[in-house]
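Trainee: Okay, structure incoming, though there's no sequence with it:
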């Protein structure tokens, strides 16, 4: 670009977390796909800092983060460190184009102390239901960021589960 060039810009979603307002909610489901982890990671950092300061044990944060392969899971080590330090934050990692095998047996998930790592799997309605049912829906706020088809699918599934539209926040890029 140079001075005088026309620039087109599009944005989607009203996507931010104000902890003072969010503190009324207490339970958070964060869903990220690919580089959509960037704003979600900022939210997790903020939640971790504020939960630690408040010394509250009422908060529950679940991250569902999907990438093509484990190598594509940006910030994975940082997120795991945060989850180790703040027990109310759990991380669930998904890869869509990677399989793990041990002795010829396909391994679909690996449990760790801070969450689970799923292979050859997408964040679908069953997975969302499993994690949402572990949270108090009346205290739940959701944040989604990733490719538009993923956002649309996740948001539609959350609505079917019973999450109110006003509690579903998203950030789209095109």
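Mentor: Yep, that arrived. None of the values given here were measured: they were computed from a predicted structure.
Trainee: contacting residues around residue 88?
Mentor: With contact taken as CB atoms under 8 Å, 6 or more residues apart in numbering, residue 88 is in contact with 51, 57, 59, 60, 61. For every residue, glycine as well, the C-beta is placed using N, CA and C.
Trainee: Can you turn the buried subset of these into a selection I can paste into ChimeraX?
Mentor: Only the buried entries of the contacts of residue 88 go into this ChimeraX selection, using 16 or more other CB atoms under 10 Å:
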select :51,59,60,61
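Trainee: Around the residue nearest to residue 19 when sequence neighbours are not counted, how many other residues sit close by?
Mentor: Excluding the flanking residues, the one nearest residue 19 by CB to CB, 6 or more residues apart in numbering is residue 50, at 4.4 Å. By other CB atoms under 10 Å, 16 other residues sit near residue 50.
Trainee: ok but residue 50 is inside a helix, no?
Mentor: Yes - under DSSP: H, G, I helix; E, B strand; the rest coil, residue 50 falls within a helix.
Trainee: and the gap between it and residue 5?
Mentor: Going from residue 50 to residue 5 by CB to CB, to the nearest Å gives 41 Å.
Trainee: Could you do residue 31 as well?
Mentor: Distance, residue 31 to residue 5, using CB to CB: 36 Å.
Trainee: do residue 171 as well
Mentor: Distance of residue 171 to residue 5, given as CB to CB: 26 Å.
Trainee: ok, these two, which is more surrounded?
Mentor: Taking other CB under 10 Å, residue 171 and residue 5 do not tie; residue 171 has more neighbours (20 against 6).
Trainee: next one: phi and psi at that one?
Mentor: Main-chain dihedrals, residue 171, degrees, to the nearest 10: phi -130, psi 120.
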